[in-house]
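Engineer: No sequence on hand, only this structure:
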């Protein structure tokens, strides 16, 4: 027993800090803390010292100077006369855009692939296994570059694309990007948007009511058609009542490129594509793990009740496996967001490309830019975690 | 022995804190190392590229070799670091390299704000545009609405924006990281125009399969004085770099070549030639080098004109005329201060 080693007179000796089990853990923790702190202190003081030696100060004033460079794909008004902060904002929005798109498509593809991977059809399940193993074992950067090369070489140049449109006068696929009609907003469009939002809210209320009614009376309403009706009819009425304030802007052939319309650049498409394909493989494995973790008895019980395989999957197995799927899925979403910083490889101007790339380079403020960059990515990741954790709380097994 | 763990761990932690970036004179560092660390570009025909034997070659590379010859007496004692437009300044500022010789434009903010010292102009350049002949474009003023491939982190992207704004035209930038990617995108028609320094365009065009299908437009939209640079704060090192460059230029002016340098040092009547080649005076000692530092450098790579003709001149694939880079005595801008 360790207590027997304590001297009878209870006097404290210095060696007890190391030899006595009662104090040792404190000693070790304090030492670990001191070591950790001194490493951090060393890094900070080293940075400060070296910045001073280089004659560089530390301030963020450069963010308000004109950026001076242009960006290919922007979501907000931006010109080269805008400040560096605006360029960083453009980059941030581009990061969020591609991360969001990739999360959505990766989830959809991944769930499909994960379910098919468990299919009883040998060919299908083998094919999915080949896809998963092939994709997730090749570095993402190479995949992004490969997809980009495919896009710029396979799709026609704008001149050829004008002669061979996907939809005459509306949709064109070129090696510089896809052109689709854009929306133009005139006065009074707010009414239409407000009506649309109200309809969507109305749909939720209606569906809830319909479900309660079904549970209470057993009568089933044609929920699908009514939902569609609520979504479309009021908005269309409002659209005509307000004098058709929302129009379409079609792309037309220009001398070098197509003009007008909405352009989704090849860099964005290639990056989105590559991120989705790559991450979907991981999602598929997570989904497969989640499904396999549900005991076979659940499926058999569902079959015994007469449920078809598809309904068994969507009503019995998937809802239960969600509890297992969500936590690893959170880290997968975080990975997608962080992986989007490889965008610069194909010239997509995300946050790393603007703030951490051109701005850093033109202003030479490495420390400031890098710290801002890291803080921003941290913030994005923590937000995603927070949202997903809330969702996780809502689906996890409730302890009663 | 167990007792020793604690003090050793603590000692290691404190020893680490006392480490810091001590910077002695760059010259001493280089001599002690026996190697000059020089940042060049990742690959630009004529300026810096690796030949079939994997050896670095080019206009910017030869300057590094000249400095290595002057400082270490061996033109091959150079460690080349390929850098992109983005990484070059960090590499130099952090002390990862001793000198940056990577067709870098001398600007106020790089000189003053980024704390670098430019050692002179090794090549007078200007930004131009290259397009495919089939586009039927004859002037940069016709480029409204075009997609432009551009290397990020360079002065070119700022010039481009200024030029199109001033001309009231619009364009779509396609930002790429290296010259190689730029070429690939341009050739795949992902952009209509490739813009960079005119010398770089000529160098890229030289590597194309059908060089004649591409033209460089007549407009030069910027001044791009390219030159080597070092960090602020070591004036002796800056002087060495500056005067190796000047020595190469003076050598051309005075007709000193790699072949005749020894003979000139022995037989010349011109006092400046004798001072330059270390045959009279004690000039080398004032920058901490041997008296014959310029002689060694010239013997290693040749004079400015020789270096130019070997890598960029009309006899090479890059095929650039001397133009602004002729000696001042021949109507160009290359003019070195006197060596006295």
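Structural biologist: Arrived safely, thanks for sending. What you see is a predicted model, and the numbers here were worked out from it, not measured in a lab.
Engineer: show me where the stretch 151-300 of chain B has helices.
Structural biologist: If DSSP state H, counting those that start in this stretch is used as the criterion, the helices of the stretch 151-300 of chain B fall at B:155-166, B:179-187, B:198-207, B:235-254, B:261-267, B:271-276, B:293-301.
Engineer: which one of those helices is the most hemmed in?
Structural biologist: Mean neighbour counts were compared across the helices of the stretch 151-300 of chain B using mean count of other Cβ atoms under 10 Å in any protein chain shown; the top stretch is helix B:293-301, at a mean of 26. All C-beta atoms are positioned from the backbone trio N, CA, C, and that covers glycine.
Engineer: could you give the angle of that helix to helix B:235-254?
Structural biologist: Angle between the axes of helix B:293-301 and helix B:235-254 is 60 degrees (criterion: axes from the mean of the first three to the mean of the last three Cα atoms, to 10 degrees).
Engineer: which other helices and strands contact the helix or strand that helix B:293-301 is followed by?
Structural biologist: Remark: after helix B:293-301, the chain's next helix or strand is helix B:304-311, criterion DSSP states H and E. In terms of contacts (3 or more Cβ pairs under 8 Å, 6 or more residues apart in numbering or on different chains; DSSP states H and E), helix B:304-311 is packed against helix B:59-72, helix B:235-254.
Engineer: which bits of the stretch 101-250 of chain B sit near chain A?
Structural biologist: For the stretch 101-250 of chain B, the residues found near chain A under the criterion Cβ under 8 Å from any Cβ of the partner chain are B:109-110, B:113-115, B:135, B:143-147, B:152-153, B:157-158, B:160-162, B:165, B:171-177, B:184-185, B:188-192, B:231-233.
Engineer: how about the helices and strands packed on helix B:304-311 in CSV, adding mean pLDDT?
Structural biologist: Formatted as CSV, the helices and strands packed on helix B:304-311 follow (pLDDT from 0 to 100):
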stretch, mean pLDDT
helix B:59-72, 96
helix B:235-254, 95
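Engineer: Tell me which of these sits nearest to residue A:363.
Structural biologist: For the helices and strands packed on helix B:304-311, proximity to residue A:363 was assessed by Cβ to Cβ; helix B:235-254 is nearest, at 23.3 Å.
Engineer: what angle separates that closest one from helix B:304-311?
Structural biologist: Relative orientation of helix B:235-254 and helix B:304-311, computed by the same axes, to 10 degrees: 80 degrees.
Engineer: Helix B:235-254 - contacts with which helices or strands?
Structural biologist: Applying 3+ Cβ pairs under 8 Å, 6+ apart, one finds that helix B:235-254 contacts helix B:26-33, helix B:59-72, strand B:224-231, helix B:271-276, helix B:293-301, helix B:304-311.
Engineer: other SSEs contacting the fourth one?
Structural biologist: Using 3+ Cβ pairs under 8 Å, 6+ apart, the elements in contact with helix B:271-276 are helix B:235-254, helix B:261-267.
Engineer: related to what we said a few turns ago, what's the closest of the helices and strands packed on helix B:304-311 to residue B:209?
Structural biologist: Across the helices and strands packed on helix B:304-311, residue B:209 has its closest neighbour in helix B:59-72 (23.7 Å, Cβ to Cβ).
Engineer: So what's the gap between the helix or strand where residue A:215 lies and the chain middle?
Structural biologist: Taking DSSP H and E as the criterion, the element that holds residue A:215 is helix A:189-217. Mean C-alpha position of helix A:189-217 versus that of the full chain (Cα atoms, centre = their mean, to the nearest Å) differs by 28 Å.
Engineer: what about it, average pLDDT?
Structural biologist: For helix A:189-217, the mean per-residue pLDDT is 89.
Engineer: Can you mark which positions in that helix are buried?
Structural biologist: Along helix A:189-217, the positions that meet the burial threshold by neighbour count (16 or more other Cβ atoms under 10 Å in any protein chain shown) are A:189, A:192, A:195, A:196, A:199, A:203, A:206, A:210.
Engineer: Quick check, the third one in contact with residue A:232.
Structural biologist: To tie it back to what came earlier, the one meant is residue A:195. No - counting by Cβ atoms under 8 Å, no contact exists between residue A:195 and residue A:232, whose distance comes to 11.0 Å.
Engineer: Next to chain B, which bits of the stretch 151-300 of chain A? Give me the list.
Structural biologist: Residues of the stretch 151-300 of chain A found near chain B (Cβ under 8 Å from any Cβ) are A:152, A:153, A:157, A:175, A:176, A:254, A:255, A:256, A:257, A:259, A:266, A:267.
Engineer: what's the farthest-apart pair in those residues?
Structural biologist: Spatially, the most separated pair among these is A:153 and A:259, at 24.1 Å (Cβ to Cβ).
Engineer: can you count the residues close to the spatially closest residue to residue B:144 that is not a sequence neighbour?
Structural biologist: Closest residue in space to residue B:144, ignoring its immediate chain neighbours: residue B:169 at 4.0 Å, by Cβ to Cβ, 6 or more residues apart in numbering or on different chains. Residue B:169 sits with 15 neighbouring residues when counted by other Cβ atoms under 10 Å in any protein chain shown.
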